[in-house]
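Novice: one predicted model, sequence on top.
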Amino acid sequence: MTLQPDRLRADAVPDYPAIWDAWWRSFWPRAPLSGDVSQAMSGSMQDSIGGQLGFINIHASRSGDVQIEQRITEQVASYGRQLGWIVDALDVLIRTGRPAGLAADDADALDQLTALRAEVESVKENVARDRIEPLVADIRALRRDPERNRDDLQRLRRALDGD
């Protein structure tokens, strides 16, 4: 092997794509961060898009049975919805009567839950307010053809009247 003088120049620019390619091939087929992957796969692209589709997918769940956990969140309720139901139920118990003689820490825990519920409801209201302009635009679009959209417009009127 003979050294070529132009390759020894101090101002020579490295061939970064070639370096990257050589580095990548040295790990093939197990590139860095690839590790073993355990991922639920299904038969349709729609299921893939609704579930996992990305370069890196992280599962923090430590469920005993990942497939059961996935089916519950897909077929019954998301974690957020499940948590919301629990917070709502606890709020009912808190509002209907706290046990007498609660320790200060226990009373604080109930107050924290009540504050959490209020904050969640506030976020939901803010999100609803953010959707008002598009909703108004949609109503105006429906009103352009009132005969065709009569049923939908009446549903909206009933909703506004509190029905």
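Specialist: Thanks, I have it.
Novice: so where's this protein shaky on pLDDT?
Specialist: Scanning the chain for pLDDT under 70 picks out 1-12, 23-24, 26-63.
Novice: for Glu147, which three-state class applies?
Specialist: Reduced to three states with DSSP: H, G, I helix; E, B strand; the rest coil, the structure at Glu147 is coil.
Novice: make 25 the starting number, not 1.
Specialist: That works, and once the first residue is 25, the last one we named lands at Glu171.
Novice: burial count for it?
Specialist: Neighbour count for Glu171, taken as other Cβ atoms under 10 Å: 5. For every residue, glycine as well, the C-beta is placed using N, CA and C.
Novice: now the phi/psi pair for it, please.
Specialist: Main-chain dihedrals, Glu171, degrees, to the nearest 10: phi -70, psi -50.
Novice: and it, what does it touch?
Specialist: Contacts for Glu171 (Cβ atoms under 8 Å, 6 or more residues apart in numbering) come out as none.
Novice: for the protein, which helix is longest?
Specialist: As assigned by DSSP state H, the longest helix anywhere in the chain is helix 128-154.
Novice: in that one, what counts as buried?
Specialist: The neighbour-count check on helix 128-154 (16 or more other Cβ atoms under 10 Å) flags 134, 137, 141 as buried.
Novice: could you single out the nearest of those to Val100?
Specialist: Nearest to Val100 among these is Arg141, at 21.6 Å by Cβ to Cβ.
Novice: may I have stretch 88-100 as CSV, with CA atoms only?
Specialist: Only the C-alpha atoms of stretch 88-100 are listed here, as CSV (Å, rounded to 0.1, in the frame of the first residue of the first chain):
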residue,chain,number,x,y,z
GLY,A,88,-47.7,-8.1,33.4
ASP,A,89,-49.3,-8.7,30.0
VAL,A,90,-48.7,-6.0,27.4
GLN,A,91,-51.3,-7.4,25.0
ILE,A,92,-54.1,-7.2,27.7
GLU,A,93,-53.0,-3.7,28.5
GLN,A,94,-53.2,-2.7,24.9
ARG,A,95,-56.6,-4.2,24.4
ILE,A,96,-58.0,-2.4,27.5
THR,A,97,-56.7,1.0,26.3
GLU,A,98,-58.0,0.4,22.7
GLN,A,99,-61.3,-1.3,23.5
VAL,A,100,-62.3,0.1,26.9
